[in-house]
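Q: Sequence first, then the predicted structure:
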Amino acid sequence: MFVGNNIQLTPIQRSFLPAITKWIYDPNIFLNTFFRDPFPLTLEQLEEWFQNLGRDPNSRVFALQTLKDNHFIGEVALREIDWKNRSAQYAILIGESEYRGKGYGIETTKLVLEYAFSELALHRIEARVLDDNYRAARCFENSNFRKEGTLYESVWRKSKWYNIIVYSILASQWNKGIELQASV
Ligand SMILES: CC(C)(COP(=O)(O)OP(=O)(O)OC[C@H]1O[C@@H](n2cnc3c(N)ncnc32)[C@H](O)[C@@H]1OP(=O)(O)O)[C@@H](O)C(=O)NCCC(=O)NCCS
């Protein structure tokens, strides 16, 4: 479940924090990933975030490491887990640019959905994407998410308003994907 063909989901380690600090300065990342104030975090602030990771019962954060050489390439999270209504927000970030566009986003998303639905028994996973983030949109669409709607002009960035596209996938749709794969 935590291991795919090329990628594995592993715990975030303290030694990964400098790489995360570096990614936060990458405009491809902070413009697409942090919809609030993109002011970069210091290593000390990230250390505090790291200390609190295991203490939040309503989030699950994993490191993405390559299977071949354990290279730390990104981070993935289920956040705002609502245990009563069995839903969560999904976020993915491949920080190392040379690892983007190689199918790792889709592979990772499938692993996270398997964990969310078959282990945590969640019912609904939601993802939010800036409307010009075509790669993220394709990643979610190829992982059986469906487009649910548009939050018009909900992000102010670089002196411009951006729309957010909301994607979601239900456990039943994910199961259907599994059945389809099995019957091919
Ligand atoms: C978004 C992200 C997770 C996608 O993962 P990825 O490994 O790069 O993407 P994949 O290789 O799995 O490809 C996903 C789809 O995007 C397509 N794609 C790849 N590069 C693209 C580009 N520059 N423009 C448009 N589509 C692109 C791929 O062809 C694929 O679609 P297809 O299978 O229909 O051909 C990753 O690029 C990333 O972390 N980007 C920076 C942070 C970010 O935007 N996070 C998402 C916030 S919601």
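A: Structure received.

Q: Now Thr150: closest residue in space, sequence neighbours ignored.
A: Once flanking residues are discounted, Thr150 sits nearest to Asn163: 5.1 Å by C-beta to C-beta, 6 or more residues apart in numbering. The way it works is simple: take the backbone N, C-alpha and C, and place the C-beta from them, glycine included.

Q: Now do the same contact list for the residue of the chain found nearest the ligand.
A: Using C-beta to the nearest ligand atom, the single residue of the chain nearest to the ligand is Gly105, 2.0 Å away. For Gly105, the contacting residues are 92, 94, 135-136, 139, by C-beta atoms under 8 Å, 6 or more residues apart in numbering.

Q: mind checking the SS state of Asn5?
A: coil (DSSP: H, G, I helix; E, B strand; the rest coil).

Q: Any chance of the backbone angles for the closest residue to it other than its chain neighbours?
A: Spatially, and ignoring its direct neighbours in sequence, Asn5 is nearest to Glu107 (6.5 Å; C-beta to C-beta, 6+ apart). In terms of degrees, to the nearest 10, the main-chain angles of Glu107 are phi -60, psi -40.

Q: wait, Glu107 sits on Val3?
A: No - using C-beta atoms under 8 Å, Glu107 is not in contact with Val3; the gap is 10.5 Å.

Q: who's more crowded, the two?
A: Glu107 (16 against 11; other C-beta atoms under 10 Å).

Q: which ones are touching Val61?
A: Applying C-beta under 8 Å, 6+ apart, the residues near Val61 are 12, 53, 75-77.

Q: now do 7 Å
A: Val61 makes contact with 12, 53, 75, 77 under the criterion C-beta atoms under 7 Å, 6 or more residues apart in numbering.

Q: One more: Leu64?
A: Contacts of Leu64 by C-beta under 7 Å, 6+ apart are 7, 9, 73-76, 94, 108.
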